[in-house]
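Enquirer: got a sequence here, can you model it:
(2 chains)
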Amino acid sequence: MLIKSASDIPASEITPRSAYLRRREFLAGAAALGLGSLLADSGTAAPLSATPSPLSTTSEARTPLKDIISYNNFYEFGTDKDDPVKHAHTLKTTPWKVKVDGLVGKPAEYDLDDLIKEVALEERIYRMRCVEGWSMVIPWIGVPLASILRRLEPQGSAKYVAFETVVRPAEMPGQRGVFQPLPWPYVDGLRLDEAMHPLTILAVGLYGETLLNQNGAPIRLVVPWKYGFKGIKSIVRISLTETEPRCTWNLQNAREYGFYSNVNPNVDHPRWSQATERRIGESGLFVKRRPTLLFNGYGEQVASLYAGLDLKANY
Amino acid sequence: MPPTAAARRSLASRVVLGRDPIRRAIYVVGMLPAVMTFYFGVVDQLGADPQKTLERTLGLWALRFLIATLAITPLRRLGLANLLRYRRSLGLLAFYYAALHLSVYLILDQGLDPASIWADIVKRPYITVGMFAFTILLPLAATSNSAMIRRLGGTAWQRLHRLVYIAAAAAVLHFIMLEKSWSGELVLYAALIAGLLGFRLFGRRRPAPRGRPRPADRTARA
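Expert: A predicted model of the protein is given here:
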């Protein structure tokens, strides 16, 4: 008999009810201190409080949480949209270290909470446009990447920021087996001025809770004017470099995925149009496509970054 | 004398479903995935992107029935099973699914906008290839009944229906071209189609089963 009867479980293994209830208070208190991500069990979300940011997109309905956590591209857990929600719980996100190296004054292997402590958590509601032609509106919780980078003291010669996702085949089924859709680790990067832009954040939560693994726990990049795949997940390394960093999808197919990958309805993907998008969770089966906006609608804030740059050649 | 209403109904039902109870069952069971997926879509149980899921599911079933259709001859030649009498049903199911898949694209996805559809067909190679595959299936579906086989004659009919090989290759190419990367699923479908077409290329010179003139056999039953 595999199922233990209640009498087989020693009393020492049973969590007292008072302690169980205190855990919730403890998490809430820790979240207020910005420590939520440290304490979250892998695969479960813990409450996380944040101050609403004036940079949020508030004019559009937010995508339902169930869609945000069940419709994901995270090939480390499989290539189907529902693979991450099924398999991502096996990734252990505590403890979590982020290696910072390259052209910085303070290179080190940082504990995640040491990296983001002292920076207030903000709620940033952003549109997210996937290169596949669908979009969401996500209430992220995170910190401006600029405030983290400043604390790391980039050197004058640094021109780019490179990021790297964790590689753990034992915990990430998409990294095992015969068919490996991408080379690992997943890597991506930004120009330093893009990274320092106030809209660029490192997210640690969404919808008032810490990130679930399928959304890139415990820490991921969010660059709302670029296609979603630039938002690298489960980051374990941040490097400042002088030369343009390698980007996984660009390595996979340079003709289809450029370094910039700014959302642009006028520059089609070689195989499909980028002029329109389907908003996930909007009206079910009979959803109508909506026009895609240049820079995903954040042109007013970011177009100046690309003044004089040919966006067709630098896609 | 004009046929009675009852006779006309029974004729209509025979034309759609055929007389053979097994063939009828193949049609009914074969259409279940379409009915169920559409129902789940209407009641919002198809996940975050129901339109894409419906479109994709219908396309995948078209490919599956195409594979089943192409498997009939190898199964027979290898002496594993003779399912020739069900090939027409399977082929028609592949066509129905392809037509539904295309309808979802045209009506739900593109909102029947002619400009946007035309732009897609000429600019998107995977749409072009998919449309090409469907266009080939049209005359095959139209000539799938026994009357058309008699009218065309066995040899001409058979030659026409060899176009299904091109349709199958185009269908799987359409699938490969729209994916961002290779997956196990994609490799499986590509390998199945490649194997079934390869059988025609390299397995051709095998002798036909004894005592059965091949063209006549095909004409009568296919």
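Enquirer: any low-confidence regions in chain B?
Expert: Applying pLDDT under 70 to chain B flags the ranges B:1-18, B:204-222.
Enquirer: which stretches in chain B count as helices?
Expert: B:5-17, B:21-42, B:50-77, B:87-103, B:114-123, B:125-142, B:146-152, B:154-161, B:163-178, B:184-202, B:214-221 (DSSP state H).
Enquirer: the longest one: which residues count as buried?
Expert: When burial is assessed from 16 or more other CB atoms under 10 Å in any protein chain shown, helix B:50-77 yields the following buried residues: B:50-73, B:76-77. The C-beta positions use only the backbone N, C-alpha and C, and glycine is treated the same way.
Enquirer: which residue is nearest the centroid of chain B?
Expert: The residue lying closest to the centre of chain B (CA atoms, centre = their mean) is residue B:94, at 2.1 Å.
Enquirer: can you tell me the closest non-neighbouring residue to that one?
Expert: Once its chain neighbours are removed from consideration, residue B:94 has its nearest residue in residue B:65; the separation is 3.6 Å (CB to CB, 6 or more residues apart in numbering or on different chains).
Enquirer: distance check, that neighbour against residue B:96.
Expert: Residue B:65 sits 8 Å away from residue B:96 when distances are taken as CB to CB, to the nearest Å.
Enquirer: helix, strand or coil: sort out residue A:124 for me.
Expert: Secondary structure, DSSP: H, G, I helix; E, B strand; the rest coil: residue A:124 is strand.
Enquirer: list the contacts of it.
Expert: Neighbouring residues of residue A:124 by CB atoms under 8 Å, 6 or more residues apart in numbering or on different chains: A:53, A:55, A:56, A:139, A:140, A:141, A:142, A:199, A:201, A:203, A:222, A:224.
Enquirer: by contact count, what packs against the lengthiest strand in chain A?
Expert: Ranked by residue count, the top strand of chain A under DSSP state E comes out as strand A:134-144. Here strand A:134-144 touches helix A:65-68, strand A:122-129, strand A:201-206, strand A:276-279, going by 3 or more CB pairs under 8 Å, 6 or more residues apart in numbering or on different chains; DSSP states H and E.
Enquirer: what about 6 Å?
Expert: Strand A:134-144 is packed against strand A:122-129, strand A:201-206, strand A:276-279, with contacts defined by 3 or more CB pairs under 6 Å, 6 or more residues apart in numbering or on different chains; DSSP states H and E.
Enquirer: what's the neighbour count on residue A:177?
Expert: Using other CB atoms under 10 Å in any protein chain shown, residue A:177 is surrounded by 10 other residues.
Enquirer: how about the one 5 residues further on?
Expert: Using other CB under 10 Å, residue A:182 has 18 other residues around it.
Enquirer: just the element for it, please.
Expert: Assessed by DSSP states H and E, residue A:182 sits outside every helix and strand.
Enquirer: need the contact list for it.
Expert: With contact set as CB atoms under 6 Å, 6 or more residues apart in numbering or on different chains, residue A:182 has these partners: A:75, A:248.
Enquirer: the one 3 residues further on too?
Expert: When the contact criterion is CB under 6 Å, 6+ apart, the partners of residue A:185 are A:164, A:165, A:167.
Enquirer: in JSON lines, list those along with neighbour count.
Expert: Listed next are the contacts of residue A:185 as JSON lines, based on neighbours: other CB atoms under 10 Å in any protein chain shown:
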{"residue": "A:164", "neighbour count": "23"}
{"residue": "A:165", "neighbour count": "24"}
{"residue": "A:167", "neighbour count": "14"}
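Enquirer: looking at those residues, spot the one nearest chain B.
Expert: Each of these was checked against chain B using CB to the nearest CB; the closest is residue A:165, at 15.9 Å.
Enquirer: the closest residue to residue A:315 other than its chain neighbours: what secondary structure?
Expert: Closest residue in space to residue A:315, ignoring its immediate chain neighbours: residue A:258 at 4.0 Å, by CB to CB, 6+ apart. Counting by three-state DSSP, the backbone at residue A:258 sits in coil.
Enquirer: ok, residue A:258 to residue A:269 distance?
Expert: Using CB to CB, one gets 11 Å for the distance from residue A:258 to residue A:269.
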